[in-house]
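Undergrad: coords please:
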Amino acid sequence: MKVLIVEDDARVASLLQRGLSEEGHQVDACGNAQDARGQVEQVGYDVIVLDWTLPDADGLSLLRHWRQTGNGTPVLMLTARGSTGEKVLGLTEGADDYVVKPFDFDELLARLASLHRRARGGAVDKALGGVRLDVRRRALVSGERHEALTAREFALAQEFFAAPDDVLSRSRLLSAVWGSQFDGAPNIVDVYVGYLRSKLDALGAKVTVASVRGVGYRLAVGGSGA
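TA: Numbering: from 1, shown residues only. Coordinates of the predicted model:
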């Protein structure tokens, strides 16, 4: 993997850089948001490890900037902020995973590898109603238009496109995309379904994620997403 570490604690950054490099990964490190923004504009990273607290801006603002400008690189937030509310906020703003300091390096390594597999894994393109889920670009595509997806959005879209006729429960989606050990708010699924709907709408797609009252969601052609 090509990894960017955005961390102002030199000791933590050095530990991560050394450990990931020893595992064979290419690693860059930045200690502030301005440098990180420049690095991401110049280099195509596979994953980013992002601290919340930075000297010139908070990491959440940086994350928000990346998502608003269409950068879907998987981001793992690594921070001392560990309340449930903070975890949910980080994830809803576009983080793909969230690890609280102090952390276990082996677990962090496994989580980064999982994000990379989800983003670049061996899935094949799927299409429905004129919309294609492009695995290589990790995007929704309709004609000449496309909408980039974050790693979580992509994983959620994969679940829907793999079973377009099925109603998928919130619990199934939560387990498939966030993992069975996720301890945040279950409504994170509803939030990300909203993101997918918005991106399908932006394409002018006939496809939407339709609600099935009391059960969950299904991918539908021409139906209401309410």
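Undergrad: Can you pull the domain assignment for the chain?
TA: As given by automatic domain parsing, the domain ranges for the chain are 2-120, 126-221.
Undergrad: Now the weakest link among the ones you listed, please, by mean pLDDT.
TA: Taking each of the domains of the chain in turn, the one with the lowest mean pLDDT is domain 126-221, at a mean of 86.
Undergrad: Tell me where the protein has strands.
TA: 2-6, 26-30, 47-50, 75-79, 97-100, 126-128, 131-134, 139-142, 145-148, 168-169, 207-212, 216-221 (DSSP state E).
Undergrad: which residues in this structure form helices?
TA: 10-22, 33-42, 59-68, 84-92, 105-120, 151-162, 170-178, 188-202 (DSSP state H).
Undergrad: partner residues bridging residue 47?
TA: For residue 47, the beta-bridge partners under DSSP bridges are residue 3.
Undergrad: Burial check on the nearest residue to residue 25 once chain neighbours are set aside, number of neighbours?
TA: Among residues not flanking residue 25 along the chain, residue 1 sits closest, at 4.7 Å (Cβ to Cβ, 6 or more residues apart in numbering). In this view, the C-beta of every residue, glycine as well, is placed from N, C-alpha and C. If you count neighbours by other Cβ atoms under 10 Å, residue 1 ends up with 18.
Undergrad: before we move on, back to that, a markdown table for the domains of the chain, including mean neighbour count?
TA: Compiled in a markdown table, these are given as follows (neighbours: other Cβ atoms under 10 Å):
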| stretch | mean neighbour count |
| --- | --- |
| domain 2-120 | 17 |
| domain 126-221 | 17 |
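Undergrad: so how far is residue 28 from the closest residue to residue 7 other than its chain neighbours?
TA: With sequence-adjacent residues excluded and distances taken as Cβ to Cβ, 6+ apart, residue 7 is closest to residue 13, at 4.2 Å. For residue 13, the distance to residue 28 (Cβ to Cβ, to the nearest Å) stands at 10 Å.
Undergrad: Overlap in contacts, those two.
TA: Where contact means Cβ atoms under 8 Å, 6 or more residues apart in numbering, the residues bridging residue 13 and residue 28 through contact with each are residue 5.
Undergrad: Export stretch 21-39 to CSV, keeping only CA atoms.
TA: Written as CSV, here are the backbone C-alpha positions of stretch 21-39 (Å, rounded to 0.1, in the frame of the first residue of the first chain):
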residue,chain,number,x,y,z
SER,A,21,7.6,0.5,6.1
GLU,A,22,8.9,-2.7,7.7
GLU,A,23,5.7,-4.4,6.5
GLY,A,24,6.7,-3.4,2.9
HIS,A,25,4.4,-0.4,2.5
GLN,A,26,5.4,3.0,1.0
VAL,A,27,4.8,5.6,3.6
ASP,A,28,4.8,9.4,3.7
ALA,A,29,4.1,11.5,6.8
CYS,A,30,2.8,15.1,7.3
GLY,A,31,2.5,17.0,10.6
ASN,A,32,-0.1,19.5,9.5
ALA,A,33,-3.2,19.9,7.4
GLN,A,34,-1.6,22.2,4.8
ASP,A,35,1.2,19.8,3.9
ALA,A,36,-1.3,16.9,3.9
ARG,A,37,-3.6,18.7,1.4
GLY,A,38,-0.6,19.3,-0.9
GLN,A,39,0.5,15.7,-0.7
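Undergrad: For that stretch, which outside residues touch it?
TA: Outside stretch 21-39, the residues that reach it (Cβ under 8 Å, 6+ apart) are 1-8, 10, 13-14, 16-17, 20, 43, 45, 48, 50, 54-59, 61-62, 65, 109.
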